[in-house]
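>>> Sequence first, then the predicted structure:
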Amino acid sequence: MCAYILVAEDDGMQAELIRRLLVREGHTATVVFDGRAALDEARNRRPDLVILDVMLPGLDGFGVCRVLRRDADIPVLMLTARSAEDDLLLGLDLGADEYMTKPYSPRELLARIRIVLRRTLRPVEEESPVLRVGGVTVDPVRHEVTCDGTEIGCTPGEFAILNAMAAEPERVFSRRQLLEHTRGHDRASTERAIDMHILNLRKKIEPDPRTPARLLTVFGVGYKLVDGKGPA
């Protein structure tokens, strides 16, 4: 699975290491060293994935991610030397699909890249049924979600969660199970990320996100998607 990947990293040695890893995997890669250049490149030549360092000069990675999410649905893998949970949650709240803290192994970075690309560059030859749960419709082939007839934008991680839950309405999914759908492997330390994805989805599909009627919490267990027509 070959892709065009934009690397935004102000550390020249780190950027070159990532570029070489990507080329070795068969991808095409462009490296930029500041946030403004990252936005310019993303707008001029839409990448399949942006690997985005948080601590970029000029406009930091959070700012770049915010603009990318506003302008386009481009997958984002954020890199940071800061491991604070607040940073992770902020990155996910802005729409990042993956979040890695430095130092990381090249093998882990490549694994995360493969996971994102498998979700976003999946072939569309096989027809998949459109999934409907109440007013929420999920089209796995076109990668589209509508809510009460209005198309809404979802990050790949959000889409993966909604697609899994729409395929089995009323089923209660644990955070760990949803993590497997979004990341492809178990990492218990990042299960809090699922809560952030759920929060973002509620903002998009709930009439009142403060009192969810569709995407419900089952306390002590996880979450489930229902038709929203009445009490679960």
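Yes, it's here.
>>> CA atoms for contacts and neighbours, from now on please.
Fine.
>>> And for F33, nearest residue in space, chain neighbours not counted?
D10 (4.3 Å; C-alpha to C-alpha, 6 or more residues apart in numbering).
>>> next one: R66
In space, R66 is closest to L94, 5.6 Å off (C-alpha to C-alpha, 6+ apart).
>>> Provide the backbone phi and psi angles at the one you found.
Torsion angles at L94 (phi, psi; degrees, to the nearest 10) stand at phi -80, psi -10.
>>> quick one: it and D48, what's the gap?
For L94, the distance to D48 (C-alpha to C-alpha, to the nearest Å) stands at 18 Å.
>>> residues contacting the most centrally placed residue in the chain?
Centroid-nearest residue in the chain: D97, 2.4 Å away (criterion: C-alpha atoms, centre = their mean). D97 makes contact with P75, V76, L77, V116, T155, P156, G157, according to C-alpha atoms under 8 Å, 6 or more residues apart in numbering.
>>> which intervals of the chain have sub-threshold pLDDT?
1, 82-92, 122-128, 183-190, 230-232 (pLDDT under 70).
>>> So what are the structural domains in the chain, by residue number?
4-120, 131-225 (automatic domain parsing).
>>> The residue nearest to T217 when sequence neighbours are not counted is in what secondary structure piece?
Nearest residue to T217, sequence neighbours excluded (C-alpha to C-alpha, 6+ apart): Y223, at 4.6 Å. Per DSSP states H and E: Y223 is located in strand 222-225.
>>> May I have that strand as CSV, with CA atoms only?
The C-alpha coordinates for strand 222-225 follow below in CSV (Å, rounded to 0.1, in the frame of the first residue of the first chain):
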residue,chain,number,x,y,z
GLY,A,222,-18.5,0.9,27.6
TYR,A,223,-20.7,2.4,24.9
LYS,A,224,-23.5,1.4,22.5
LEU,A,225,-25.2,3.0,19.5
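>>> what distance separates it from the centre of its chain?
Chain-centre distance of strand 222-225: 19 Å, with C-alpha atoms, centre = their mean, to the nearest Å.
>>> Repeat that for stretch 72-79.
On C-alpha atoms, centre = their mean, the centre of stretch 72-79 falls 7 Å from that of its chain.
>>> Name the residues that touch it?
Contacts of stretch 72-79 (C-alpha under 8 Å, 6+ apart): 46-54, 61, 65, 68, 91, 95-102, 113, 116, 120, 153-156.
>>> Please give me every residue in contact with the closest residue to A167 other than its chain neighbours.
Excluding its sequence neighbours, the residue lying closest to A167 (C-alpha to C-alpha, 6+ apart) is L131, at 6.4 Å. Counting by C-alpha under 8 Å, 6+ apart, L131 makes contact with T137, V138, D139, P140, N163, A166, A167.
>>> Relative to Y4, which of those is nearest.
P140 (22.6 Å; C-alpha to C-alpha).
>>> now the closest one: how far from F159?
9 Å.
>>> Looking at the two, which is more packed in?
F159 (24 against 19; other C-alpha atoms under 10 Å).
>>> Using the three-state scheme, assign the more buried one.
helix (DSSP: H, G, I helix; E, B strand; the rest coil).
>>> Pull the contacting residues for it.
Counting by C-alpha under 8 Å, 6+ apart, the residues that F159 touches are H143, V145.
>>> what are the ranges of the helices in this structure?
12-24, 35-44, 61-71, 85-93, 106-120, 156-167, 175-183, 192-205 (DSSP state H).
>>> Appreciated, that's everything.
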